[in-house]
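Engineer: My questions are about this predicted structure, shown below with the sequence.
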Amino acid sequence: MKNLLAILVLVFASGVAFGQLTAAAPGAKGDVAVPVFNNQTFDFGKIKQNVPVTHEFTFTNKGPVPMVITNVQASCGCTTPNWTRDPIMPGGQGFIKATYNAASPGGFNKSVTVTANVEGGLLQLFIKGEVVADTQPQ
């Protein structure tokens with residue numbers, strides 16, 4: 001009987017403790033930033049080999065809380081990201097830049113993953129294009 005009572009108390013206490021953690025977790029409705037981009041994919045078209053290109057994705061935070069970008073990670077070492085480091089207030093604007101180094105000829109399609117206080121915790125941006133080989137002799 002004591003064991004049953006102890007188990008019931010433990011189950012009840014666990015439910016209350018985990019219920020508090022869930023209710024206070026970031027990302028609950030109303031606790032997230034809502035970035036609105038003009039586009040989340042940019043096509044460079046044809047670009048010259050060995051000439052880096054950059055695109056700046058701009059967005060407006062339409063959410064009720066400041067947007068805090070904690071990390072931006074490119075899908076490969078050929079793309080270098082840069083981003084707004086300060087919190088973006090509701091109604092404010094921010095940016096994420098992606099620079100592609102264009103070293104290898106051929107088509108490319110790269111992603112940039114943004115970690116922030118948005119729904120799901122992540123969002124993705126894409127750059128694509130075609131690197132045209134330099135035909136001039138070296």
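Structural biologist: The structure has been received and is ready for your questions.

Engineer: Pop the domain breakdown of this protein in here.
Structural biologist: Residue ranges for the domains of the chain, per automatic domain parsing: 1-29, 35-132.

Engineer: just how off-centre is the longest one within its chain?
Structural biologist: For domain 35-132, the separation from the chain centroid amounts to 8 Å (computed by C-alpha atoms, centre = their mean, to the nearest Å).

Engineer: sorry, back to before: dump the domains of the chain into TSV; add mean pLDDT and mean neighbour count as well.
Structural biologist: (Glycine included, C-beta is placed from N, CA and C.) Conversion of the domains of the chain to TSV gives the following (pLDDT from 0 to 100; neighbours: other C-beta atoms under 10 Å):
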stretch	mean pLDDT	mean neighbour count
domain 1-29	51	9
domain 35-132	96	15
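
Engineer: Who are the contact partners of the residue positioned nearest the centre of the chain?
Structural biologist: Taking C-alpha atoms, centre = their mean, the centroid of the chain lies closest to Val114, which sits 1.4 Å from it. Shown in contact with Val114 (C-beta atoms under 8 Å, 6 or more residues apart in numbering): 69, 71-72, 83, 96, 122-125.
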